[in-house]
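J.: Quick one, what's the 3D model for this:
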Amino acid sequence: MDISPNSRRQFVKSTAAGLGLLTLPSLLNAQGNIAAAKKKIVCVGGHPDDPESGCGGTLARLAAQGHDVTIIYLTTGEAGIPGTANDEAAGIRKQEAINACKILNVKPVFAGQIDGATIADNTALKRLQTLIADEKPDVVFTHWPVDSHKDHQVASLLTMQTWVRSSNKFTLYFFEVCTGEQTMIFKPTDYVDISDTQEQKKKAVYCHTSQDPPGIYACGHASMEDFRGREAGFKAAEGFVRMTGKGIGMIAF
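T.: Purely as a prediction, here's the structure:
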């Protein structure tokens, strides 16, 4: 018997609810049900501008619904301004990140690693574990591990290891950045409608003036928002892959 896409989505959503899983659709109250209780949300990104460009619209939506949202920047983008010393670049990019977080209504935290020289050892893992545990998150976002940028890979690996080792399990989602150029073979399981926060996201990205914001969007982010929106039936959307206990699982709207 053929099952319509809407029926399949509803079946998977109902199954997830029965298992007690906290999913983006339930968290964002996609179907107009009673608003979810206040939750703690964390996003781990490699550099200032990564969380904003990858899932800024979703973070803005979550913050607007009253959830506590924190962005943990693995580095301060020290190597991100050609011709500028690391310390000076870090100061500039840290302030840009703080400005962007004000636009999104989220809290910034800096993990202290160095742009271009990130490390995935036990010490770095312990540091990120502590930062994430301090937030007591219900949901965490991070980079998709199949990415061309080493710092993105390190952020993803450390976050995944924190998820594996955490005694208080949080729901883990991966976001995409500059798909096709950086993020590769990314097939979303979840979509978030960012039609109402798309401009807020763009303003946050444009806080990163040292990083050529028009270039960030020219890398494909505007087309990604449009394409993911078309896939999900929205004006604009962000796509995510949800980690489950047995690997990558299909949890859909």
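J.: now for the helix or strand containing S53, which elements pack on it?
T.: Assigned by DSSP states H and E, S53 belongs to helix 50-64. In terms of contacts (3 or more C-beta pairs under 8 Å, 6 or more residues apart in numbering; DSSP states H and E), helix 50-64 is packed against strand 40-45, strand 68-75, helix 86-104, strand 139-143, strand 171-175, strand 190-193, helix 198-205, strand 237-244. Every residue, glycine included, has its C-beta placed from N, CA and C.
J.: wait, which of the ones you listed is closest to A120?
T.: Nearest to A120 among those is strand 68-75; the distance by C-beta to C-beta comes to 10.2 Å.
J.: CA-only coordinates of that closest one in PDB, if you can.
T.: C-alpha atoms of strand 68-75 as PDB (Å, rounded to 0.1, in the frame of the first residue of the first chain):
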ATOM      1  CA  ASP A  68      17.900  29.400  26.600                       C
ATOM      2  CA  VAL A  69      20.300  29.300  23.700                       C
ATOM      3  CA  THR A  70      24.100  29.300  24.000                       C
ATOM      4  CA  ILE A  71      26.700  29.300  21.200                       C
ATOM      5  CA  ILE A  72      30.100  27.800  22.000                       C
ATOM      6  CA  TYR A  73      32.700  28.900  19.600                       C
ATOM      7  CA  LEU A  74      35.600  26.400  19.500                       C
ATOM      8  CA  THR A  75      38.000  29.100  18.300                       C
END
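J.: Check the average confidence over that strand, would you?
T.: Across strand 68-75, pLDDT averages out at 98.
J.: Parallel or antiparallel, list what pairs with it.
T.: strand 40-45 (parallel), strand 107-113 (parallel) (DSSP bridges).
J.: so where is the stretch 101-250 of the chain shaky, pLDDT-wise?
T.: Applying pLDDT under 70 to the stretch 101-250 of the chain flags residues 245-250.
J.: follow-up on the earlier one: looking at the strands paired with strand 68-75, which is buried most?
T.: strand 40-45 (a mean of 25; mean count of other C-beta atoms under 10 Å).
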